[in-house]
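Asker: Got a predicted model here, sequence first, then my questions.
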Amino acid sequence: MHTLTLYIAREGLKHQTGHNHPECPERLQAIYSLLDKSPFMALPQIPAPEAELRWIKRAHDPRYLERLENAIPDYGQIHIDNDTILSPGSWTAALTAAGAVCQAVDDVIAGKTLRAFCATRPPGHHAFPDHSEGFCLLNNIFIGALHAQSLGCARVAIVDFDVHHGNGSDAMTRQHENIFYASTHQWPLYPGTGQPEDNIPNRVLNVPMSAGEGSLPFRHIYEQNILPAVRHFQPDLLMISAGFDAHKDDPLAQIMLETADFGWITTELAKLAQECCGGRLVSVLEGGYNLAALSDCVSSHLKNLMA
Ligand SMILES: [Zn+2]
């Protein structure tokens, strides 16, 4: 069995968001350049297939999917909400991002690899059952979680350390049984949700952080709150919404984490998976908008997933 396998959705490069959009194809390019170098070049890479529509419909309203596909422009770009853009390649990019996660889930459950990292875009955790939001078209990680359930993994935990609250994942978790969603995120910040008063024990755990809080409170929240809650939930599969936009150099937020914090949380989650679910762990790229910081953080994440 491989320790770590990479799921590569190159079609993500064809999701064009226009000039000066932070969620740009160069993000994936930065990660793919990293993967060509030591020590990552030795890792197995699986090209992502498109997700089947019936898998996507477990998470999304069929009318939304129809609306989304029909909205794809023949050329140029269109806005489908305040900050989410469609280009001719966006539908295939979205299907392939979701397909990468489903393939990763298949392979982890089949025991071909212990851990998986999905290098995908567009990101997914702001996508709701019936609408896009915040650069996200399909909720890749949630489609993967429901795919895992269909394969007999009854209980799935999603830990989201992206700096934004995964409002789409949170909403979906409330509609499905046996999925646990935990998130640290900056507040106040887009999307403005994810308050502790909305938490549901053993289902949804949101822990907002203030701008400037930095490494120690971040680690403390995981040690004292989130890791014990995941342990209590006892997942059969652990999934990570791996957004790297809480880094101090990211232009979209100000939690001010260091690259080492992403390595630390990666190791803690890998240890937790080992303890709870035979090590089974699927990590899915979400945000991260400073290209150098993104590359450094993904490097740290992958090194610790390889360990
Ligand atoms: Zn984010």
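Answerer: Nice, thanks for sending it over.

Asker: Am I right that residue 263 falls within a helix?
Answerer: Yes: secondary structure of residue 263 (DSSP: H, G, I helix; E, B strand; the rest coil): part of a helix.

Asker: count of neighbours near residue 285?
Answerer: Counted with other Cβ atoms under 10 Å, the burial measure for residue 285 works out to 33 neighbours. Placement of C-beta: from N, CA and C, glycine included.

Asker: How about the contacts made by it?
Answerer: The contact partners of residue 285, by Cβ atoms under 8 Å, 6 or more residues apart in numbering, come to 31, 117-121, 123, 242-243, 298.

Asker: Same check on residue 138?
Answerer: Going by Cβ under 8 Å, 6+ apart, residue 138 touches 51, 56, 59-60, 94-95, 97-98, 122, 124, 127.

Asker: Relative to the ion, how far out is it?
Answerer: Using Cβ to the ion, to the nearest Å, we find residue 138 at a distance of 16 Å from the ion.

Asker: Tell me the confidence at that residue?
Answerer: pLDDT, the model's per-residue confidence, is 98 for residue 138.

Asker: just the strands in the stretch 201-307 of the chain please.
Answerer: Counting by DSSP state E, counting those that start in this stretch, the segments of the stretch 201-307 of the chain that form strands are 204-209, 237-242, 281-285.

Asker: Among those strands, which comes closest to residue 102?
Answerer: Nearest of those to residue 102, taken as Cβ to Cβ: strand 281-285 at 9.9 Å.

Asker: elements contacting the strand or helix carrying residue 100?
Answerer: Residue 100 is located in helix 90-109, with elements delineated by DSSP states H and E. Other helices and strands packing on helix 90-109, by 3 or more Cβ pairs under 8 Å, 6 or more residues apart in numbering; DSSP states H and E, are strand 2-8, strand 45-47, helix 53-56, helix 62-71, strand 113-119, helix 140-150, strand 237-242, strand 281-285.

Asker: And these: which comes nearest residue 190?
Answerer: Ranking the helices and strands packed on helix 90-109 by their distance to residue 190 (criterion: Cβ to Cβ) puts strand 237-242 first, at 15.4 Å.

Asker: which other residues reach the closest one?
Answerer: Residues outside strand 237-242 that contact it (Cβ under 8 Å, 6+ apart) are 105, 108-109, 117, 124-125, 141, 144-145, 148, 153, 155-162, 166, 169, 183, 230, 266, 269, 272-273, 276-277, 280-286, 301.

Asker: Could you tell me which residues of the stretch 151-300 of the chain lie near the ion?
Answerer: Residues of the stretch 151-300 of the chain found near the ion, taking Cβ under 5 Å from the ion as the criterion, are 162, 164, 243, 245, 287.

Asker: and the second one, what does it touch?
Answerer: Residues in contact with residue 164, defined by Cβ under 8 Å, 6+ apart, are 125-126, 134, 185-186, 189-191, 243, 245, 252-253, 287.

Asker: Okay, and the single nearest residue of the stretch 51-200 of the chain relative to the ion sits in which element?
Answerer: Across the stretch 51-200 of the chain, the shortest distance to the ion (Cβ to the ion) belongs to residue 164, at 3.6 Å. Counting by DSSP H and E, no helix or strand carries residue 164.

Asker: Find the closest residue to the ion in the protein.
Answerer: Distances from the chain to the ion, computed as Cβ to the ion, single out residue 287 as the nearest residue at 2.9 Å.

Asker: Pretty sure that residue sits against residue 251.
Answerer: No: counting by Cβ atoms under 8 Å, residue 287 stays clear of residue 251, with 10.9 Å between them.

Asker: more crowded one of those two?
Answerer: The residue with more neighbours, out of residue 287 and residue 251, is residue 287; 28 against 10, by other Cβ under 10 Å.

Asker: List the backbone torsions phi and psi for the more buried one.
Answerer: Note on residue 287: its backbone torsions stand at phi -90, psi -170 [degrees, to the nearest 10].
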